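A.B. asks: model this:
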Amino acid sequence: MFFNALFEIIFYFCTKSNLSRIIALDFGRKRTGIAVTDSLQIIASGLTTVSTHHLLDFLKNYIAEEEVELIVVGEPKQMNNTPSEVESLIGPFLKRLRKTFPDIPVKREDERFTSKLAFRSMIDSGLNKKQRRNKALVDEISATIILQAYLNRN
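C.D. replies: Numbers count the residues shown, from 1 in each chain. Presented below is the predicted three-dimensional model:
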């Protein structure tokens, strides 16, 4: 009886859930780190880093292949809670993003300390000094931290 009930719950969840992903962006002047959840929206994983100039094209291709429910964009702030310099570039990008994907909501997530946390995780995982200089990897890990922070809060 227990296993029948458990099976019914799992079956319901798997068939009724839309199994869509959440994507997160660590937007930068030159590069943007991208992270994505699994289809059950439990685990955040780094996806890639792309040139910010090609970001919308990348997202169009990705969203054409994968069901995306939400886009989370890092919100860079100074220690005194004022916007960081790069925020002046993010605002216009968000307008284009919302125009391109009007059916996908966009939320913001505080990204203070994500680069430091990303660098620390690189050290903790045993990457050597040369590997830790890979700024694209730092951006991808930062996007993963942004996404995991969002998941933890929601």
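
A.B. asks: buried residues, the lengthiest helix in the chain. List them.
C.D. replies: Longest helix of the chain, by residue count under DSSP state H: helix 135-153. Burial within helix 135-153, assessed by neighbour count using 16 or more other CB atoms under 10 Å, is assigned to 137-151. C-beta here means a position set from N, CA and C on the backbone, and glycine is covered the same way.

A.B. asks: tell me where this structure has helices.
C.D. replies: Going by DSSP H, the chain shows helices at 2-16, 55-65, 87-100, 114-124, 129-132, 135-153.

A.B. asks: pLDDT below threshold where in the chain?
C.D. replies: With pLDDT under 70 as the threshold, the chain has low-confidence stretches at 1-18, 112-119, 122-125, 127, 132-134.

A.B. asks: ok, for the most centrally placed residue in it, nearest residue in space, not its chain neighbours?
C.D. replies: Centroid-nearest residue in the chain: residue 24, 1.7 Å away (criterion: CA atoms, centre = their mean). Distances taken as CB to CB, 6 or more residues apart in numbering place residue 147 nearest to residue 24, at 3.5 Å, with adjacent residues excluded.

A.B. asks: one more: residue 71?
C.D. replies: residue 106 (4.9 Å).

A.B. asks: ok, that neighbour - how many residues close by?
C.D. replies: 13 (other CB atoms under 10 Å).

A.B. asks: ok, it to residue 142 distance?
C.D. replies: 18 Å (CB to CB, to the nearest Å).

A.B. asks: go on, residue 149?
C.D. replies: Here residue 149 is placed at a distance of 11 Å from residue 142 (CB to CB).

A.B. asks: try residue 91
C.D. replies: Taking CB to CB, one finds residue 91 at 20 Å from residue 142.

A.B. asks: just checking, residue 104 touches residue 62?
C.D. replies: No: the pair residue 104 and residue 62 fails to qualify as a contact (CB atoms under 8 Å) at a distance of 11.5 Å.

A.B. asks: and for these two, which residues touch both?
C.D. replies: Counting by CB atoms under 8 Å, 6 or more residues apart in numbering, the contacts common to residue 104 and residue 62 are residue 68.
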